[in-house]
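A.B. asks: need the 3D shape of this:
(one chain, ligands or ions: 1)
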Amino acid sequence: MTPQAVVIAGAGQGGLQAAISLRQHGFAGSVTLIGAEPGLPYLRPPLSKAYLLDGNAEALTIRPESFFASKNVAHLPETRVEQIDRAAREVRLSGPGGGRNLPYDHLILATGTRNLRPPVDGLDCACDLRTLRDAAVLRDRLTKRQRIAVIGGGFIGLEFAAVARKLGHDVSVIEAASRLMARAVSPLMSGHFAALHRDLGTKLHLGQPAVGVDGDGVTLVDGTRIPASFVLLAAGVRPNTELAEDACLETGNGITVDANLRTSDPAISALGDCASYPDPRTGRHIRLESVQAATDHARLIAARIAKGDMAEYAALPWFWSDQGDQKLQIAGYAGPDATEEEVAEGIVARFDTRGLVAVETVNNARVHMKARRLLEKGGLADIDAMVDAIIAA
Ligand SMILES: Cc1cc2nc3c(=O)[nH]c(=O)nc-3n(C[C@H](O)[C@H](O)[C@H](O)COP(=O)(O)OP(=O)(O)OC[C@H]3O[C@@H](n4cnc5c(N)ncnc54)[C@H](O)[C@@H]3O)c2cc1C
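C.D. replies: As a prediction, the model looks like this:
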């Protein structure tokens, strides 16, 4: 039976997309989108890129206020889902109007992630970059020349570092792993971006975890002091799984969902950054932090709720990161055991035992798009055939 009342916990990229897609699929029941943050749902990717330079918050809005009235979607900002009562099929809310219960036929958990806080003394004085509010604080701090230390050499830390260098600040990046973006890209691509950031004038401290932060900078594990007038913490995230855990839903590295993106309670789905789903290629559970995953998850869940479409999730992952004048694009997903092969300058192919799994490119949208199409068809085991298909063609 089609549910009549859908409640979405989390009004970020995926939560809003679920509301949009439900209406696009003709869902006629009630849709309530509950978000802990103030204001309209917004795009996060520009927070570490264009927004730091232009400060244009309006450009981040995904749908205008009029969308919610015209599509009859109830949006409750500054409101938190505090608890799920699965037996009664209702959620407990807290917000401007006080506490209240809201019933659901289907609940979508789209609660995203929050910043990981590694065991570093004095982290309370570090800044975060997760929300529009965080980005506004950072932008304000960038108006006068600073010595900045960034803890974390992942996408967000490096994007921020590139912008801060462009604005003329003195920037150091501290990364516990021996290479940049180690979880997401091949060693070759890490090396390429290390060279880029050094060329931009950023000091890189690799293989050296930070152990302390204070008003004057950061101390590394070997005692090295990195002087800084402010510190950005960008050391990764952790999924917001507490609601699901308290409701005794299955969780691991995220809220565990099946190939239809249903949690261990079929009346509850989960999507995006907070969801751990089976990789269609290997069956292993993975959790991706990307706009693509959040929006594609949302579309699949909405089609199931609105039309009973039971398609399994099989979308090809893709990701991008803008650092300085370089756009890194990744088509596909490579696990930690993948091998790499440099195909040409700025193009790296990654393989596992089943063949090609991902293609990384720099400033090469044409090859990225071809790689996506190739991988969607199932990839190719042979490097020569792959080169013929995506480069020579
Ligand atoms: C600075 C930055 C740069 C990024 N750059 C890129 C990029 O270049 N490319 C890319 O693909 N991705 C990028 N990402 C990641 C991308 O933004 C996320 O993958 C995407 O937003 C995930 O969508 P989501 O809906 O799962 O979670 P989110 O968009 O994070 O939304 C989750 C929302 O749920 C709310 N929430 C949590 N708990 C509750 C609760 N109990 N009740 C109510 N609300 C709750 C949160 O406040 C939040 O607003 C970036 C992220 C950041 C922070």
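
A.B. asks: for the single nearest residue of the stretch 101-250 of the chain relative to the ligand, give me phi and psi.
C.D. replies: Shortest the stretch 101-250 of the chain-to-the ligand distance, computed as CB to the nearest ligand atom: residue-wise this is residue 112, at 2.7 Å. Where C-beta positions appear, they are placed from N, C-alpha and C, glycine not excepted. When read as degrees, to the nearest 10, the backbone of residue 112 gives phi 70, psi -150.

A.B. asks: just checking, it touches residue 270?
C.D. replies: No. The pair residue 112 / residue 270 is not scored as a contact, 10.8 Å apart, by CB atoms under 8 Å.

A.B. asks: for the two, indicate the residue with more neighbours.
C.D. replies: residue 270 (31 against 24; other CB atoms under 10 Å).

A.B. asks: and that one, what pLDDT?
C.D. replies: Confidence at residue 270, expressed as pLDDT, is 99.

A.B. asks: residue contacts, it?
C.D. replies: 108, 109, 110, 244, 254, 255, 257, 261, 263 (CB atoms under 8 Å, 6 or more residues apart in numbering).

A.B. asks: how about a cut-off of 6 Å?
C.D. replies: Listed by CB atoms under 6 Å, 6 or more residues apart in numbering, the contact set of residue 270 reads 109, 255, 257, 263.

A.B. asks: who are the contact partners of the third one?
C.D. replies: Read that as residue 257. Residue 257 neighbours (CB under 6 Å, 6+ apart): 263, 270, 275, 277.

A.B. asks: how near is it to residue 309?
C.D. replies: As judged by CB to CB, to the nearest Å, residue 257 and residue 309 stand 16 Å apart.

A.B. asks: identify the residue nearest the residue of the stretch 101-250 of the chain closest to the ligand in space, chain neighbours excluded?
C.D. replies: residue 273 (4.6 Å; CB to CB, 6 or more residues apart in numbering).

A.B. asks: how many other residues sit next to the one you found?
C.D. replies: 27.

A.B. asks: wait, it touches residue 113, no?
C.D. replies: Yes. Using CB atoms under 6 Å, residue 273 makes contact with residue 113 at a distance of 4.5 Å.

A.B. asks: picking up where we left off before, among the contacts of residue 257, which ones lie close to the ligand?
C.D. replies: The subset of the contacts of residue 257 within reach of the ligand, by CB under 6 Å from any ligand atom, is empty.

A.B. asks: make a markdown table from those and add secondary structure to it.
C.D. replies: Shown next, in a markdown table, are these (DSSP: H, G, I helix; E, B strand; the rest coil):
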| residue | secondary structure |
| --- | --- |
| 263 | coil |
| 270 | strand |
| 275 | strand |
| 277 | strand |
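
A.B. asks: list only buried entries from these.
C.D. replies: For the contacts of residue 257, a neighbour count by 16 or more other CB atoms under 10 Å gives the buried set as 263, 270, 275, 277.

A.B. asks: and which of these is nearest the ligand?
C.D. replies: residue 275 (7.6 Å).

A.B. asks: nearest to residue 313 among the contacts of residue 257?
C.D. replies: residue 277 (6.1 Å; CB to CB).

A.B. asks: which residues touch that closest one?
C.D. replies: residue 257.

A.B. asks: which residues touch the residue of the stretch 101-250 of the chain closest to the ligand?
C.D. replies: Residue 112 sits in contact with 10, 12, 240, 273, 274, where contact means CB under 6 Å, 6+ apart.

A.B. asks: redo that, cut-off 10 Å
C.D. replies: 10-15, 36, 44, 130, 237, 239-240, 271-275, 289, 294 (CB atoms under 10 Å, 6 or more residues apart in numbering).

A.B. asks: three-state assignment of the residue nearest to residue 112?
C.D. replies: helix.

A.B. asks: per-residue pLDDT, it?
C.D. replies: pLDDT, residue 273: 98.

A.B. asks: in contact with it, which residues?
C.D. replies: Neighbours of residue 273 in contact, by CB under 10 Å, 6+ apart: 10, 12-14, 44, 110-114, 237-240, 254, 287-291, 293-294, 297.

A.B. asks: what separates it from residue 29, distance-wise?
C.D. replies: 26 Å.
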